[in-house]
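Asks: Just a sequence and a predicted model for now, questions to come.
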Amino acid sequence: MATRKGCASSKQSVEFLPEILRKSLEIMGDLALATGAASVDASVSSARHLIKFQRGSVKAGLGLISKVRDYTEKSLHEAVREGKWLPTEGREVIDEWSAMMKSGVDEFSRVTDKSFELLLNYLDRLEKGKPVKVTPKTKPTSATSKKRGSADSPARKAPARRKATPAKKKNQATK
């Protein structure tokens, strides 16, 4: 009698095993999707912080460049005003250089601000357009539907046969 109960329980466990494996794979898939979504959120958040940090660094650097340019321009204009050694064309060159440097710093500042805004807008679109959680299309109702050759599982193909080489064809023909 003990043998019959042991056989019956082993048959039940064998039938129950595919269901356990299917549920385990389903849970692992859900965990993988959740982990992937958390990773995307963390990546976007890190990118946003990095972009904001870089934006602040660039603005601080441009502020320093502007201060140095202002100081240099002021010093140069004082030297030109006090000294009579520089011709009029030289003063025009200095004024042109000063205007060019000011417009260059202003333009660079405008372009970098616009670029950082575009990057932040891109990250906003990434966050809003999060992919929807993917769920399995159909679930098998029983372990028997997973048998080889059923409609749910693809049938295995027979291995391709090689063609005989000409030397083998001659040997086979002479036999």
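Replies: That came through, no problem.
Asks: quick one: contacts for Asp95?
Replies: With contacts taken as Cβ atoms under 8 Å, 6 or more residues apart in numbering, Asp95 has no neighbouring residues. For glycine as for every other residue, the C-beta is placed from the backbone atoms N, C-alpha and C.
Asks: That one in helix, strand or coil?
Replies: Three-state assignment for Asp95 (DSSP: H, G, I helix; E, B strand; the rest coil): helix.
Asks: so how far is Val44 from it?
Replies: 48 Å (Cβ to Cβ, to the nearest Å).
Asks: Which parts of the protein are strands?
Replies: With DSSP state E as the criterion, the chain has no strands.
Asks: count of residues packed around Ile94?
Replies: Ile94 has 16 neighbours, counted by other Cβ atoms under 10 Å.
Asks: now do Leu86
Replies: 14.
Asks: How about Leu31?
Replies: The local packing of Leu31 (other Cβ under 10 Å) involves 10 other residues.
Asks: Which pLDDT value belongs to it?
Replies: On the pLDDT scale, Leu31 is placed at 90.
Asks: Equivalent analysis for Ile51, please.
Replies: pLDDT, read off for Ile51, is 93.
Asks: for Glu127, same thing?
Replies: The per-residue pLDDT reported for Glu127 equals 82.
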